[in-house]
Structure formats: structure tokens, C-alpha cells
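> using only what follows, build the 3D model:
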Amino acid sequence: LSAHGACVLSLAPACVADVFDGMLRLAAAAGCDPSAAAAVVGRLRSRLRLITAATASLPPPRPTVAVIARPATPVACGGWVPELVRAAGGDPVPPLVGPGDAAAPLDWGDLRKAAPDVLIIVAPRRAGGRGGAPHSVAELAVRAGWWALPAVRAGAVFVVDPALLTRPGPALVDGAAALAAALRPGAGLPLPHPGALLKLSLAGGQRCRPGLLGEYFRLWPEPQGR
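Reported below is the predicted structural model:
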């Protein structure tokens with residue numbers, strides 16, 4: 001208790017288990033019904049197991065994946081994000097960050113050497129526009145070797161909202177489902193909500209001016225009837 005009688009709860013989750021444990025601790029501190037809180041967390045655990053099982057049933061190879069945030073000053077996402085990538089059917093690329101490690105400034109040379117099959121950019125969607133990708137993703141296209149990355153050449157570059165991956169809470173399971181839709185669409189897992197993913201529409205060696213990169217992201221999967 002603080003000097004004013006308030007309960008101060010300090011949480012510093014480093015993995016998915018920590019996030020779920022923190023939810024239970026927060027519910028207890030708030031006076032919520034313990035059984036109700038346990039049921040909510042139990043459903044989240046079950047969903048994550050289902051996602052893992054669905055992607056594990058698909059044939060190899062598993063794509064190598066790099067997840068970066070803040071495109072203007074990029075950082076490699078750590079903590080629970082590598083776990084979510086594995087649950088979604090991918091393999092996080094070394095040597096960016098390991099499971100449980102804090103997010104760290106991205107060494108662009110390390111990313112180029114890792115040559116990921118898929119690149120996940122964590123950034124809020126831009127309001128309006130055809131694709132809605134933030135213009136900050138253009139900051140990546142000016143870097144040496146961007147267009148030579150395997151993920152970029154294949155058009156396997158996705159934008160995911162931060163609420164689904166980098167904020168500890170129930171939405172992380174939705175983040176795993178969004179990643180699975182990007183990495184292993186054959187698993188047939190539904191997106192948590194329309195617009196959860198944007199995908200780069202340039203592929204096969206196509207390029208654009210860096211400042212226009214954000215205009216070449218489209219909803220993924222593409223809406224039917226288009």
C-alpha cells in the first residue's frame with residue numbers, strides 16, 4: 001500500500017506467461033472475482049494453444065520473421081513477441097533480440113544479414129488513404145539494402161497495429177492470430193478484426209520512391225469481390 005492507502009501494483013512482463021499472470025494479479029488487486037478472472041485467462045491460453053496447433057500442423061518450411069517497431073527510429077521487438085511469432089508458425093530471426101529480451105535499437109546490418117522471409121512492421125494505421133499504412137514506413141525504404149531483403153522482394157511485408165503485439169494484455173492473442181494470417185495463411189485462422197493487417201502490394205522486384213511506400217500497402221487478406 002502507498003502512503004495514501006492506495007494499492008500500487010508493479011508489473012514488468014517479459015513473456016506471455018508473465019502477461020497472463022499480470023492480468024490475474026491486476027484482477028485480484030481490483031477486487032474482481034478470482035474465478036471469473038481465471039476463466040478469462042484460461043480462454044486466452046486455449047486460443048493461443050489452438051493457434052499454435054493449427055500452424056504446427058502445416059508442412060515446412062517455417063518462414064523466418066523479423067518484427068520491428070517505430071520505423072522512423074526502428075527497434076527490434078523482444079519480450080513476448082518472439083513467442084507469438086513461433087505460435088503463429090514462424091521462426092524469429094537471430095541475432096536481433098531473443099525471447100524475453102527488451103526491445104532494442106535495430107542494427108540494420110544485422111537485419112540484412114538475417115535476410116528474413118517475412119518482415120512485420122509494428123505501427124498504427126494512418127487514417128484515410130487507400131491502404132492506411134503510416135508514412136513512417138517510408139523511413140525504411142531509404143536504408144541501404146531495403147529492396148534486396150527477401151521479404152521485400154516477395155512482398156511479404158506487413159503492418160500490424162501496436163495494440164496487437166506490443167501492449168501487454170488480452171489483445172496479444174489477437175496479435176498471434178494476425179501473425180498467423182500473415183505467416184501461415186493455410187492454417188485458416190480468422191483475423192481478430194477486419195483491417196488488422198496491411199500487406200505490401202509490391203513484389204517481383206517492383207520498387208517505388210521511398211516517400212510513396214506507404215501508399216502500396218493493402219488490406220490483407222484482400223476483401224472478397226475486389
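
> contacts and neighbour counts: CA atoms only from here.
Will do.

> report pLDDT for the residue most central in space within the chain.
Most central in the chain under C-alpha atoms, centre = their mean is residue 165, positioned 4.6 Å from the mean C-alpha point. Note on residue 165: pLDDT of 94.

> list the contacts for it?
Contact analysis of residue 165 by C-alpha atoms under 8 Å, 6 or more residues apart in numbering lists 81, 122, 171-172, 175-176.

> farthest-separated two in those?
122 and 171 (14.1 Å; C-alpha to C-alpha).

> those two - which one has more neighbours?
Taking neighbours as other C-alpha atoms under 10 Å, residue 122 and residue 171 compare with residue 122 leading, 25 against 17.

> from what I can see that one touches residue 72, true?
No. Residue 122 lies out of contact with residue 72 (C-alpha atoms under 8 Å); the separation is 11.4 Å.

> can you report how many residues lie near residue 204?
Neighbour tally, residue 204, other C-alpha under 10 Å: 9.

> same check on residue 153?
Residue 153 - counted by other C-alpha under 10 Å - has 18 other residues nearby.

> next: residue 50.
If you count neighbours by other C-alpha under 10 Å, residue 50 ends up with 15.

> what does residue 134 give?
19.

> contacting residues for it?
123-126, 214 are the contacts of residue 134 under C-alpha under 8 Å, 6+ apart.

> and residue 19, by the same measure?
Residue 19 neighbours (C-alpha under 8 Å, 6+ apart): 13, 168-169.

> show me how to select, in ChimeraX, the buried members of those.
Here is the ChimeraX selection string for the buried members of the contacts of residue 19, based on 16 or more other C-alpha atoms under 10 Å:
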select :13,168
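
> mind listing which of the contacts of residue 19 are in strands?
Taking DSSP state E, every one of these sits outside strands.

> tell me which stretches of this protein form helices.
For the chain, the helices defined by DSSP state H occupy 16-29, 34-56, 81-87, 108-114, 138-141, 150-153, 171-183.

> can I get those helices in a markdown table with distance to residue 219 and mean pLDDT?
Formatted as a markdown table, the helices of the chain follow (distance: least, C-alpha to C-alpha, whole Å; pLDDT from 0 to 100):
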| stretch | distance to residue 219 | mean pLDDT |
| --- | --- | --- |
| helix 16-29 | 27 | 95 |
| helix 34-56 | 21 | 97 |
| helix 81-87 | 20 | 96 |
| helix 108-114 | 25 | 94 |
| helix 138-141 | 18 | 91 |
| helix 150-153 | 17 | 96 |
| helix 171-183 | 11 | 96 |
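
> which of these sits closest to residue 101?
When those are compared by C-alpha to C-alpha, helix 81-87 sits nearest residue 101, at 9.5 Å.

> remind me what the closest one packs against, helices and strands.
Where contact means 3 or more C-alpha pairs under 8 Å, 6 or more residues apart in numbering; DSSP states H and E, helix 81-87 is packed against helix 34-56, strand 91-92, helix 171-183.
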